[in-house]
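Engineer: Structure here, sequence nowhere to be found:
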């Protein structure tokens, strides 16, 4: 963990309305539905989640579809139980350190430049931010249906994930206390 | 409709806070802004909407831009009144059964594998989920501006859609009782 | 500014619940997190924001990642302080008038047809909508971290933007009074 990972969340909120104006309303939870496996979207998810948790806000990330293989262990190369699932993992390498941009990849130069610029300007990498987020108690919740469809087993996944759930849990959170972001 | 379509919504919510904690707050409605025509996004929309309606939550889907031609009848091949509109429909085939993935299409192999895996793991297809959603009272609301720009006529669209509306209606829902997801 | 820009917001909300039902709840603010630089997403952001402001709703747009260079002055061709930042601006031309679609670009024909259809059906361009939004008091708030990473300076940006902020401000808004849309 670099100092950069700790610099992110401490910035003071600038435009937040004064709390006394609406003291009776309980602050909400944050629920990120992480649907995408693209580098820039994973980055956004991790920056928002780690900042949110650092501010004392209960934060959950529901990881589903392309967003789920991001939380496979980095060193796993091929996942899945049948040939289709294994081919899918070959086409889209799993693991948070292997994300690509949704555009301007240019044989890897886009993501390389983006990571280099991030380092230069002290922005923590997605993997560093993930560590911070987990330390701060962000709950990362896999989608059961995607686990099944992609043939992912608990031992494929990084440590510290919550039990897989389904869409009903997500709907329940949204209609109650959580503000959702579909990323 | 297969049994799979009915299995989805009955799963019990796991992480929802106990209702007695905040009994005074009225549960919110769900509003999905369905902007994308990609297979995986349409699938997410349909799974969330049918689950939400099955839980007794008032659920609306505002279908706009690339999300609108998804609700053209499957058997319509070309839509539109002028050559530009007809060419757009040729470039992106309308209808819920003709969706492509946003990536790894590989000449159709990606979507084919995804549909095959879904069937194998009892995940209903987007079309089956759409039927369930409509039966359960999900309101599907077309965007008037997109109807105009794409030259879509009411008779091009599937049965049971609501009257087309504009952005003001969507804003009104969001600032009142609805939790929005932009998908 | 054409008459089209003014037609958009005046449409009456159709499906909004009667206000007397929940008179005690203060209407919420709208917070758009504009993450994408694609033409269709920028259009959605501008239509929703200008409509929302016209309805008297406090409206903010947080512009971040690919969404930030959209608000560079149209006439700037290259931005950035080092060669990587300058190359990024070359790969993705900045400015609201130079957006491309996320798909069916076909050497520029897709965006050209889309703009032409918009004009034909009296839909204002993103640039016209941006002017309306700014006139109506929509706050456009740059992401400080993205400013740094892309090497963008205040003088590169269009006039009238708010001071850059970070993720904590965004989280603060979401957990308080704002309904967020991640676009």
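Structural biologist: Structure received. Computed from a predicted model, the values in this text were never measured in an experiment.
Engineer: quick one: low-confidence parts of chain A?
Structural biologist: Along chain A, segments meeting pLDDT under 70 span A:1-26.
Engineer: Within range of chain B, give me the residues from it.
Structural biologist: Within reach of chain B by Cβ under 8 Å from any Cβ of the partner chain, chain A has these residues: A:26, A:33, A:35, A:60, A:64-66, A:84-85, A:87-88, A:91-92, A:141, A:145, A:148-150, A:162-163, A:165-177, A:179-180, A:182. The way it works is simple: take the backbone N, C-alpha and C, and place the C-beta from them, glycine included.
Engineer: same thing but 6 Å
Structural biologist: Taking Cβ under 6 Å from any Cβ of the partner chain as the contact definition, chain A meets chain B at A:65, A:84, A:91, A:145, A:148-149, A:165-169, A:171-172, A:174-176, A:180, A:182.
Engineer: Could you identify the longest helix within chain A?
Structural biologist: helix A:39-54 (DSSP state H).
Engineer: Briefly note if it comes near chain C.
Structural biologist: Yes: judged by Cβ under 6 Å from any Cβ, helix A:39-54 and chain C are in contact via A:40, A:47-48, A:51-52.
Engineer: cool, and stretch A:128-141?
Structural biologist: No: no part of stretch A:128-141 sits near chain C under the criterion Cβ under 6 Å from any Cβ; the closest distance found is 10.6 Å.
Engineer: ok now do the nearest residue in space to residue A:79 that is not next to it in sequence, which residues does it touch?
Structural biologist: Leaving aside its chain neighbours, residue A:79 sits nearest to residue A:89 (4.5 Å; criterion: Cβ to Cβ, 6 or more residues apart in numbering or on different chains). Shown in contact with residue A:89 (Cβ atoms under 6 Å, 6 or more residues apart in numbering or on different chains): A:78-80.
Engineer: Look through chain A and state the residue closest to chain B.
Structural biologist: Chain B sits closest to residue A:172 of chain A, with a gap of 3.5 Å, by Cβ to the nearest Cβ.
Engineer: could you say which helix or strand contains that residue?
Structural biologist: Element membership of residue A:172, judged by DSSP states H and E, is helix A:167-175.
Engineer: Going by distance to residue B:101, which of the residues of helix A:39-54 next to chain C wins?
Structural biologist: The closest of these to residue B:101 turns out to be residue A:40 (Cβ to Cβ; 18.6 Å).
Engineer: I figured the closest one was touching residue C:65, is that so?
Structural biologist: Yes: assessed by Cβ atoms under 6 Å, residue A:40 is found in contact with residue C:65 at 5.5 Å.
Engineer: List the contacts of residue A:74.
Structural biologist: If a contact means Cβ under 6 Å, 6+ apart, then residue A:74 has A:95, A:97 as its contacts.
Engineer: Can you classify it by secondary structure?
Structural biologist: coil (DSSP: H, G, I helix; E, B strand; the rest coil).
Engineer: Likewise for the one 10 residues further on?
Structural biologist: Under three-state DSSP, residue A:84 falls in the helix class.
Engineer: unless I'm mixing things up, it is touching residue B:113, no?
Structural biologist: Yes: with contact defined as Cβ under 6 Å, residue A:84 reaches residue B:113; the gap is 4.5 Å.
Engineer: can you list residues touching both of these two?
Structural biologist: Contacts common to residue A:84 and residue B:113, judged by Cβ under 6 Å, 6+ apart, are absent.
Engineer: Pull out the buried residues from stretch A:91-108.
Structural biologist: Within stretch A:91-108, the residues that count as buried by 16 or more other Cβ atoms under 10 Å in any protein chain shown are A:92-96, A:98-104.
Engineer: Closest to residue B:125 out of the residues you listed?
Structural biologist: Nearest to residue B:125 among these: residue A:92, at 21.9 Å, using Cβ to Cβ.
Engineer: separation between the closest one and chain C?
Structural biologist: In this view, residue A:92 and chain C are 18 Å apart by Cβ to the nearest Cβ, to the nearest Å.
Engineer: ok, so what distance separates residue A:91 from chain C?
Structural biologist: From residue A:91 to chain C the distance is 19 Å (Cβ to the nearest Cβ).
Engineer: which residue sits closest to that residue, ignoring its sequence neighbours?
Structural biologist: Going by Cβ to Cβ, 6+ apart, residue A:91 has residue B:104 as its nearest residue, at 4.7 Å.
Engineer: Do a quick rundown of the helices in chain A.
Structural biologist: A:3-10, A:39-54, A:83-91, A:109-120, A:126-135, A:144-150, A:167-175.
Engineer: and residue B:157, which of those helices is closest to it?
Structural biologist: Comparing the helices of chain A under Cβ to Cβ, the one sitting nearest is helix A:167-175, at 25.9 Å.
Engineer: Any residue of the closest one touching chain C?
Structural biologist: No: counting by Cβ under 6 Å from any Cβ, chain C has no neighbours in helix A:167-175; the shortest distance is 11.9 Å.
Engineer: Point out the other elements, helices or strands, that that helix touches.
Structural biologist: Helix A:167-175 is packed against helix B:39-54, with contacts defined by 3 or more Cβ pairs under 6 Å, 6 or more residues apart in numbering or on different chains; DSSP states H and E.
Engineer: And the contacts of the helix it packs on?
Structural biologist: Everything outside helix B:39-54 that qualifies as a contact, by Cβ under 6 Å, 6+ apart, is A:65, A:167-168, A:171, B:9, B:30, B:32, B:34, B:59, B:61, B:70, B:99-101, B:111, B:126, B:129-130, B:132-133, B:136-138, B:183.
Engineer: roughly how far out does stretch A:158-171 sit from the chain middle?
Structural biologist: Taking the mean of its C-alpha atoms, stretch A:158-171 sits 13 Å from the chain's own mean (Cα atoms, centre = their mean, to the nearest Å).
Engineer: okay, how far is it across that stretch, tip to tip?
Structural biologist: 25 Å (Cα to Cα, to the nearest Å).
Engineer: What is the burial count for residue A:81?
Structural biologist: Neighbours of residue A:81 under the rule other Cβ atoms under 10 Å in any protein chain shown: 11.
Engineer: Distance of it relative to residue A:150?
Structural biologist: 9 Å (Cβ to Cβ, to the nearest Å).
Engineer: Name the residues linked to residue A:72 by a beta bridge.
Structural biologist: Residue A:72 has these beta-bridge partners by DSSP bridges: residue A:157.
Engineer: Understood, closing this out.
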